[in-house]
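Q: Return a 3D structure for these sequence lines:
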Amino acid sequence: MARSKFAGLIDASGKKTRRLALMEFLQYGIKYVFPQHPGSIVRGVPTAHSAPPLNNSIDSEENYVWAFGKGNLRGQSIIPLYPTAVNAALKDPKLHELLALVDVLRVGRAREKEIAIKELKLRLLE
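A: Numbering: from 1, shown residues only. You can find the predicted model right below:
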């Protein structure tokens, strides 16, 4: 939390997110702070363009997943931002969408990233 306050991502009280700063960080910095390259084929929970909201608008033969034994899709593994993120995402569909969009910024191609940025702006800034 102290690092996020220092970086200007949250206010001094630690109770409010500075949404514009967060969006800027996601758009330009997340791929450098949390780099990721798709790994081996595993069973897991869909992420990036394989999960909502982009799974219906981006047609791809590649699937990306967070490794999870009870998952319903096979695809290239992506390490989540945090070890418990998968469990949290399974309990909260809106969180799952946000984390999947962030994963697009980490592993997606230019066109996919453009779409993800628009979707994140809709969710975070409006």
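
Q: Give the buried residues for the worst-scoring helix or strand of the chain on mean pLDDT.
A: Every helix and strand in the chain was compared by mean pLDDT, DSSP states H and E; the lowest is helix 2-7, with a mean of 91. Across helix 2-7, burial judged by 16 or more other Cβ atoms under 10 Å covers Ser4. Every residue, glycine included, has its C-beta placed from N, CA and C.

Q: Using CSV, write out every CA atom in it.
A: The C-alpha trace of helix 2-7 is given here as CSV (Å, rounded to 0.1, in the frame of the first residue of the first chain):
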residue,chain,number,x,y,z
ALA,A,2,2.8,2.4,0.8
ARG,A,3,4.4,1.8,-2.6
SER,A,4,1.0,2.5,-4.3
LYS,A,5,0.6,5.7,-2.3
PHE,A,6,4.1,6.8,-3.2
ALA,A,7,3.5,6.0,-6.9
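
Q: State the next helix or strand along the chain beyond it.
A: Downstream of helix 2-7, the first helix or strand assigned by DSSP states H and E is helix 19-28.

Q: list the helices and strands that next one packs on?
A: The contact analysis (3 or more Cβ pairs under 8 Å, 6 or more residues apart in numbering; DSSP states H and E) places helix 19-28 against helix 93-107, helix 110-125.

Q: which helices and strands sit right next to the next helix or strand after that helix?
A: Following helix 19-28 in sequence order, the next helix or strand is helix 30-33 (DSSP H and E). For helix 30-33, the packing partners by 3+ Cβ pairs under 8 Å, 6+ apart come out as helix 93-107.
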